[in-house]
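Enquirer: I'll drop the sequence and a predicted model, then ask my questions.
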Amino acid sequence: MPHVIADRVLEASTSSGSGPFTLAGAVLGFRSFAIVCALADTVPYYIEAVDDQGRPTGEYEFGLGTYSAANQLTRTTIRGSSNGGLAVSFAAGNKLVGLGVPAPNTAQTRQEWRTALGLTTLGNSLATVADQAALQVLVGLDQLARPGDVKPTARDTAESGWMILPTAPSNVSRVTYASLFAAIGTKWGAGDGATTFGLPYVPEGHAVLNTVAGVGTATVGEVISHSHTINPVGGSAQAQSGPNFTAVTAGATSSGATGGSANLPAGVKFRWLIKL
């Protein structure tokens, strides 16, 4: 019993009351339910009562219907109506019966969307990676991020379909992360050479740099070349270039070493994520 979502489906009907509606054929320029439905399929439907000029009379109803027999729609679940959300006992006269896609703003309609899209997970969230990937392809989100793309996040956890980058070389399965392996290969490490490969990583506190070549290679921290002028106790000024003094004078003093293990500007910390 598939749940069908399709466009330009609209038929005429003269059924009345609150029972099933007999469908009398597609309105000009539209398709019939029989074109898109098999028996027992469910559809999001709407019914609009109209006068002989095709103008709405005010009676309407929408919800979940079942294509229960040839050219017949059973109103299975009422979602809204001109009767305060209850089934409408339609008066005699002309009606338009269409397939109207509902907004996925309730758990029930979201699940109907999943059924129509061929997803399998029940409930309010997509719990499996396969369902998440399928939905991304169906609605085009897969074009917004590709396996191997990297982005920062201010959250402590990764969203579905992403992984937090490690801070040290790490290997993962080439099968489990096949899409990522296909995208980056062994650029960040060959793993065991057969079943695993290396993940990109950013050591704690290190900067991420732009490059025109050599993606996956690390740079060595260094201090830019510079010189100091010092005034030793009781002597003339001496020049220092690089790590060594150009001259040493008796009585010179040193202030000792200061600083940390890397030459970095002040900044803030984010987590880095990679698309799987």
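Expert: Received the coordinates, thanks. Numbering: from 1, shown residues only.
Enquirer: what sits against Leu10?
Expert: Neighbour list for Leu10: 26-27, 30-31, 96-99 [criterion: C-beta atoms under 8 Å, 6 or more residues apart in numbering]. (C-beta placed from N, C-alpha, C; glycine too.)
Enquirer: actually Ser15, sorry about that
Expert: Ser15 sits next to 21-22, 90, 95 when contact means C-beta under 8 Å, 6+ apart.
Enquirer: and what of Thr74?
Expert: Counting by C-beta under 8 Å, 6+ apart, Thr74 touches 20, 65-66, 68.
Enquirer: Pull the number of nearby residues for the spatially closest residue to it that is not a sequence neighbour.
Expert: Excluding the flanking residues, the one nearest Thr74 by C-beta to C-beta, 6 or more residues apart in numbering is Ser68, at 4.1 Å. Residues lying near Ser68 (other C-beta atoms under 10 Å) number 15.
Enquirer: and whatever helix or strand Ser68 lives in, which strands flank it?
Expert: Take DSSP states H and E as the rule and Ser68 turns out to sit in strand 56-69. Partners of strand 56-69 in the sheet, by DSSP bridges, are strand 42-50 (antiparallel), strand 72-81 (antiparallel).
Enquirer: After the last one, which helix or strand is next?
Expert: Right, the one you point to is strand 72-81. Next in sequence after strand 72-81, counting helices and strands by DSSP H and E, comes strand 94-99.
Enquirer: Compute the inter-axis angle for that following strand and strand 72-81.
Expert: Strand 94-99 runs at 90 degrees relative to strand 72-81, counting by axes from the mean of the first three to the mean of the last three C-alpha atoms, to 10 degrees.
Enquirer: what packs against strand 94-99?
Expert: Counting contacts by 3 or more C-beta pairs under 8 Å, 6 or more residues apart in numbering; DSSP states H and E, strand 94-99 packs against strand 10-13, helix 33-36, strand 42-50.
Enquirer: can those go into CSV with extra columns for mean pLDDT and distance to Thr57?
Expert: Output for the helices and strands packed on strand 94-99, formatted as CSV (pLDDT from 0 to 100; distance: least, C-beta to C-beta, whole Å):
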stretch, mean pLDDT, distance to Thr57
strand 10-13, 97, 14
helix 33-36, 96, 22
strand 42-50, 95, 5
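Enquirer: Run through the helices of the protein in chain order.
Expert: For the chain, the helices defined by DSSP state H cover 33-36, 107-117, 129-139, 178-184.
Enquirer: Go through the helices and strands packed on strand 94-99 and pick out the most buried.
Expert: Among the helices and strands packed on strand 94-99, the stretch with the highest mean neighbour count (mean count of other C-beta atoms under 10 Å) is strand 42-50, at a mean of 22.
Enquirer: residues in contact with that strand?
Expert: Outside strand 42-50, the residues that touch it by C-beta under 8 Å, 6+ apart are 1-5, 9, 13, 21, 33, 37, 56-67, 73, 75-76, 88, 90-91, 93-102, 109, 112.
Enquirer: Can you say which of those residues are buried?
Expert: Buried members of the contacts of strand 42-50, counted by 16 or more other C-beta atoms under 10 Å: 3-5, 9, 13, 21, 33, 37, 59-67, 73, 75, 88, 90, 94-100, 102, 109, 112.
Enquirer: Comparing the helices of the chain, which yields the minimum mean pLDDT?
Expert: Least confidently modelled of the helices of the chain is helix 129-139, at a mean of 60 by mean pLDDT.
Enquirer: which stretches of this structure have low pLDDT?
Expert: 1, 117-144, 228-264 (pLDDT under 70).
Enquirer: Is Ile184 in contact with Val150, as I believe?
Expert: No - using C-beta atoms under 8 Å, Ile184 is not in contact with Val150, being 10.2 Å away.
Enquirer: Can you pull the residues that touch both of these two?
Expert: Residues touching both Ile184 and Val150 by C-beta under 8 Å, 6+ apart: Pro200.
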